[in-house]
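Student: Prediction below, plus the sequence it came from.
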Amino acid sequence: MAKNIVHVVGTGTIGEPLTGMLSDFRDELGLDEVTFHKRTPLLTDRSKVAALIKRGARFVTDSRSFDGFREIGLHPELETHEALDQAAVVIDCTPSGIGQQNKAEYYERFTHNTRGFIAQGSESGFGKPYARQINDRVLDRDKDQFIQVVSCNTHNLSVLVDCIALADGGEDNLVQGRFVCIRRANDISQSSSFVPSPSVSAHDDAAFGTHHARDAYHLFQTLGLELNLFSSALKVNTQYMHTVHFDLELAEPTTRAGVTERLRENPHVAVTNRSEQNLIFSFGRDYGHYGRILDNTVVVLPSLHVSQDGCRVTGFCFTPQDGNSILSSLAATLWFLDPARYEARLDVVAPYMFDEV
């Protein structure tokens with residue numbers, strides 16, 4: 001019988017906690033083995049690799065990097081091609097653009113023995129766009145061997161549209177959705193790309209503004225929906241979390257109480273009465289897995305506003321960056337391995353999804 005081996009490529013802000021999660025809950029998730037790939041031997045990353053090995057994950061690298069890792073006291077167990085050849089699912093968590101290169105150079109050569117390949121939000125075109133809960137029902141084992149988990153902010157935009165507009169009045173209820181993604185400069189684990197002051201992004205997409213709305217549009221397109229979405233973005237000099245301002249125009253009137261109730265009832269939405277981003281981040285650090293909240297969004301209830309005619313819903317929310325992408329990556333992995341039972345197996349990480357923060 002083929003083994004349920006999951007291979008993670010990359011040890012960055014998604015790859016490291018995802019490898020840790022798969023290792024921590026290996027038995028509950030029905031996995032036989034977890035492997036992870038790191039390309040470059042760096043003393044600064046030695047402790048991270050050693051910690052993942054200690055958690056039970058097997059270390060993989062390219063053959064040319066074996067000696068370099070051994071020199072810093074790390075001993076790879078498998079070479080890249082060996083790991084890919086035995087993997088049931090491959091999750092690519094490399095920086096932007098590399099996932100597409102890996103698909104062309106490696107993954108397409110292993111489609112005969114690997115059930116599925118998953119890449120992250122920056123890899124548009126890698127496969128079917130996916131976000132947990134939003135479009136699970138259109139995943140097709142006969143067609144979808146490659147899946148692209150959409151970005152963390154795209155998760156946020158999409159669950160707001162789904163919960164506030166579509167869940168209440170159906171697919172024609174959203175007249176338009178407008179979003180401003182106020183992004184953190186970089187992750188606290190990163191020492192580069194910080195910005196000294198707010199930095200505005202260009203609207204480089206004629207139809208959607210920035211990629212966040214475009215990716216959400218393509219996500220809903222898998223459901224046969226053509227939604228009117230537009231996003232803007234800027235970076236601010238914080239390392240805590242992304243913040244999203246949303247403005248949804250609806251065809252059917254609603255109430256603030258009705259919107260609040262739907263947000264509270266959605267298992268992938270957390271609400272909060274806190275307005276300070278650092279307090280949400282601190283909650284995730286204290287109670288999340290690897291510090292991550294796994295909900296798609298954290299909606300700030302005091303910011304929620306419904307217009308007098310009931311047709312415009314506005315507010316602010318925080319993006320549990322990486323957390324929602326990690327959950328969707330886990331869900332897609334389990335779907336590849338066991339479509340009939342993958343949702344039940346996700347119960348093991350339910351403690352890291354919160355009704356209220």
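Tutor: Looks like it came in fine.

Student: can you give me the strands in the stretch 151-300 of the chain?
Tutor: Ranges of strands in the stretch 151-300 of the chain, per DSSP state E, counting those that start in this stretch, are 174-184, 199-200, 229-236, 242-250, 269-272, 297-300.

Student: okay if I get those strands as a markdown table plus distance to A51, mean pLDDT and mean neighbour count?
Tutor: Every C-beta, even on glycine, is put in place using the N, C-alpha and C of the backbone. A markdown table is the format used below for the strands of the stretch 151-300 of the chain (distance: least, C-beta to C-beta, whole Å; pLDDT from 0 to 100; neighbours: other C-beta atoms under 10 Å):
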| stretch | distance to A51 | mean pLDDT | mean neighbour count |
| --- | --- | --- | --- |
| strand 174-184 | 24 | 97 | 21 |
| strand 199-200 | 33 | 95 | 11 |
| strand 229-236 | 30 | 97 | 20 |
| strand 242-250 | 27 | 98 | 21 |
| strand 269-272 | 28 | 98 | 23 |
| strand 297-300 | 28 | 98 | 26 |
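
Student: Now tabulate the ones you listed in JSON lines and tack on distance to V6.
Tutor: Putting the strands of the stretch 151-300 of the chain into JSON lines (distance: least, C-beta to C-beta, whole Å) gives the following:
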{"stretch": "strand 174-184", "distance to V6": "29"}
{"stretch": "strand 199-200", "distance to V6": "37"}
{"stretch": "strand 229-236", "distance to V6": "32"}
{"stretch": "strand 242-250", "distance to V6": "27"}
{"stretch": "strand 269-272", "distance to V6": "27"}
{"stretch": "strand 297-300", "distance to V6": "27"}
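
Student: Helices of this structure, residue ranges please.
Tutor: Ranges of helices in the chain, per DSSP state H, are 15-24, 46-54, 66-71, 80-86, 98-105, 152-160, 167-169, 211-221, 256-265, 277-287, 323-337, 342-345.

Student: which stretch among the ones you listed comes nearest T243?
Tutor: For those, proximity to T243 was assessed by C-beta to C-beta; helix 277-287 is nearest, at 6.3 Å.

Student: Now that closest one: buried residues?
Tutor: For helix 277-287, a neighbour-count test (16 or more other C-beta atoms under 10 Å) marks 277, 280-281, 283-284 as buried.

Student: Can you redo the residues you listed as TSV, where the extra columns are pLDDT and distance to N237?
Tutor: Conversion of those to TSV gives the following (pLDDT from 0 to 100; distance: C-beta to C-beta, whole Å):
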residue	pLDDT	distance to N237
Q277	95	13
I280	97	18
F281	95	15
F283	97	22
G284	95	20
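
Student: With respect to D92, which of those residues is nearest?
Tutor: Top of the list for closeness to D92, among those and by C-beta to C-beta, is G284 at 24.6 Å.

Student: Give me the nearest residue to the closest one, chain neighbours excluded.
Tutor: Leaving aside its chain neighbours, G284 sits nearest to I293 (4.3 Å; criterion: C-beta to C-beta, 6 or more residues apart in numbering).

Student: The one you found: neighbouring residues, count only.
Tutor: I293 has 29 neighbouring residues, counting by other C-beta atoms under 10 Å.

Student: Who are the contact partners of it?
Tutor: Applying C-beta atoms under 8 Å, 6 or more residues apart in numbering to I293 gives the contacts 270, 280, 283-284, 320, 323, 352-354, 357.

Student: Also V150?
Tutor: 121, 129-131, 158, 215-216, 219, 325, 328.

Student: and of the strands of the stretch 151-300 of the chain, who's closest to A207?
Tutor: The closest approach between A207 and any of the strands of the stretch 151-300 of the chain, judged by C-beta to C-beta, belongs to strand 229-236 at 8.1 Å.

Student: neighbouring contacts of the closest one?
Tutor: 157, 161, 176-185, 195, 198-201, 203, 208-214, 216-217.

Student: repeat that with 7 Å
Tutor: 157, 177-183, 185, 195, 198-201, 203, 208-210, 212-213, 216-217 (C-beta atoms under 7 Å, 6 or more residues apart in numbering).

Student: now do stretch 184-200
Tutor: Contacts of stretch 184-200 (C-beta under 7 Å, 6+ apart): 13, 234-242.

Student: how far away is G30 from N4?
Tutor: Look at G30 and N4: by C-beta to C-beta, to the nearest Å, they are 6 Å apart.

Student: With S158 instead?
Tutor: 29 Å.

Student: ok, those two, which is more surrounded?
Tutor: For S158 versus N4, the count of surrounding residues by other C-beta under 10 Å is larger for S158: 30 against 21.

Student: Surely the more buried one and P129 touch.
Tutor: No: between S158 and P129 there is no contact under C-beta atoms under 7 Å: 9.5 Å.

Student: hey, what's in contact with both of the two?
Tutor: Residues touching both S158 and P129 (C-beta under 7 Å, 6+ apart): L219.

Student: low-scoring stretches of the stretch 251-357 of the chain, by residue?
Tutor: Within the stretch 251-357 of the chain, not a single segment meets pLDDT under 70.

Student: Now tabulate the contacts of V150 in a markdown table and tack on distance to G68.
Tutor: Shown next, in a markdown table, are the contacts of V150 (distance: C-beta to C-beta, whole Å):
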| residue | distance to G68 |
| --- | --- |
| G121 | 30 |
| P129 | 36 |
| Y130 | 35 |
| A131 | 37 |
| S158 | 41 |
| D215 | 36 |
| A216 | 41 |
| L219 | 40 |
| S325 | 30 |
| S328 | 33 |
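
Student: are any of these buried, and which?
Tutor: Taking 16+ other C-beta under 10 Å as the criterion, what is buried in the contacts of V150 is 121, 129-131, 158, 215-216, 219, 325, 328.

Student: Perfect, I'm done here.
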